[in-house]
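Asks: give the three-dimensional model of this entry:
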Amino acid sequence: MATGRYAGWGLILMSAVFARVLCAPPALAENVEPPPPPRDCRYLHTEDPVAAQTAEAHRGERFPKDDVFRPLTADPKEPRFLATYQRVRFRDAHDSINAGFVGFGENFGIWGKRQEKGCDGWQIGVLGAVFSQFNLDGPSTDLINSDFLLGFPLTWRSGILSGRVRAFHQSSHLGDEFILNRPGFQRINLSFEEIDTLLSVDLRRLRLYGGGGYIVHREPELKRGKAQWGLELRSSKGVAFITGTPILIAAADFKSFEQQGWNVNSNVVGGLEWYAPRATRRFRIFVNWYYGYNPYGQFLTQKIQTIGAGFYFGF
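Replies: Okay, here's the model as predicted:
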């Protein structure tokens, strides 16, 4: 009994020692400069365009917490987390439905090389995303379609200029309820690999970007070319809200595909963004308007117009 009691007290004492060691703040040596405050290089030029333009040496970094290229705010196929309600009008069929759009995805940095205090440099990573659409008027909120994306982005930044080159795969899959309710629907096995590139100019409150893409392999046969351009506007800081700062954002993204006769597909978003200045996570509430060919799945010839609103999460 005594041995067991002593062993129990010993375990308690060891646990207390380990807790003290693990929870104690690290000791700082005298005359050692503290590390620089956290920053998000994706948005640095928006808030302080001079801070990243230094001549310091570059240093390699594994699994960087942010990127040197800002994700596109208004691109409906940008990897991110979102949940929106959309009123979808099929322009040729003269019909409309209520729909829910969701997205799950992110760009994950693998390795990069950039300045210690600035943001000039480059980075390579991996991207993954799923975009799904649901018919809210269906008897069981029918799944219409899901697009799966997997790829590898290479990004870089030099001053106010930044760029991105991606090689990615997309495959599209119809929902079971959609197929069962449309026995005559002619399904195609849509799958392709594409390389695209963008160049961005990040000014203080304005961002402009443009570029294009080329399909290197596809099923079925598709015409290969794509052009893309857009702009983003961000307001100055407003009144603090909870732990963040609300920012007004307006953005527009335009895509034109050779397969669709180079007609322009337009997506316009606007709303509020909250974030903490020392964090990389961002929360947005946007309204949106889309006009063009359906950007999801195998509905390449389906002309639609959508208007809606929802939540967008950035990490």
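Asks: which stretches of the stretch 1-150 of the chain aren't confidently modelled?
Replies: Residue ranges of the stretch 1-150 of the chain with pLDDT under 70: 1-38, 45-57.
Asks: please repeat the previous calculation with a cut-off of 50.
Replies: Applying pLDDT under 50 to the stretch 1-150 of the chain picks out residues 1-24, 26-30, 47, 49-52.
Asks: helices of that one, start to end?
Replies: Ranges of helices in the stretch 1-150 of the chain, per DSSP state H, counting those that start in this stretch, are 2-23, 44-47.
Asks: kindly report the same for the stretch 151-300 of the chain.
Replies: For the stretch 151-300 of the chain, the helices defined by DSSP H, counting those that start in this stretch cover 176-180.
Asks: which stretches of it form strands?
Replies: Assigned by DSSP state E, counting those that start in this stretch, the strands in the stretch 151-300 of the chain fall at 161-174, 191-202, 206-219, 225-234, 247-257, 264-275, 282-293.
Asks: in its sheet, which strands sit next to the fifth one, and in what direction?
Replies: For strand 247-257, the pairing partners within the sheet under DSSP bridges are strand 225-234 (antiparallel), strand 264-275 (antiparallel).
Asks: what of the second one?
Replies: Counting by DSSP bridges, the strands paired with strand 191-202 are strand 161-174 (antiparallel), strand 206-219 (antiparallel).
Asks: tell me the buried residues in the first one?
Replies: The neighbour-count criterion (16 or more other CB atoms under 10 Å) identifies 162-166, 168, 170, 172-174 as the buried residues of strand 161-174. (Each C-beta comes from the backbone N, C-alpha and C, glycine too.)
Asks: who touches that strand?
Replies: Residues external to strand 161-174 that are found in contact with it (CB atoms under 8 Å, 6 or more residues apart in numbering): 68-70, 127, 144-157, 185, 187, 190-202, 296-298.
Asks: show me which of these are buried.
Replies: Applying 16+ other CB under 10 Å to the contacts of strand 161-174 flags 68-70, 127, 144-151, 153-157, 190-194, 196, 198, 200, 202, 296-298 as buried.
Asks: the biggest strand by length in the chain pairs with which strands, parallel or anti?
Replies: With DSSP state E applied, the strand covering the greatest number of residues in the chain is identified as strand 95-115. In the sheet, strand 95-115 lines up against strand 58-62 (antiparallel), strand 81-90 (antiparallel), strand 121-135 (antiparallel) (DSSP bridges).
Asks: pLDDT weak spots in the stretch 201-315 of the chain?
Replies: Where the stretch 201-315 of the chain drops to pLDDT under 50, the residues are 239-243.
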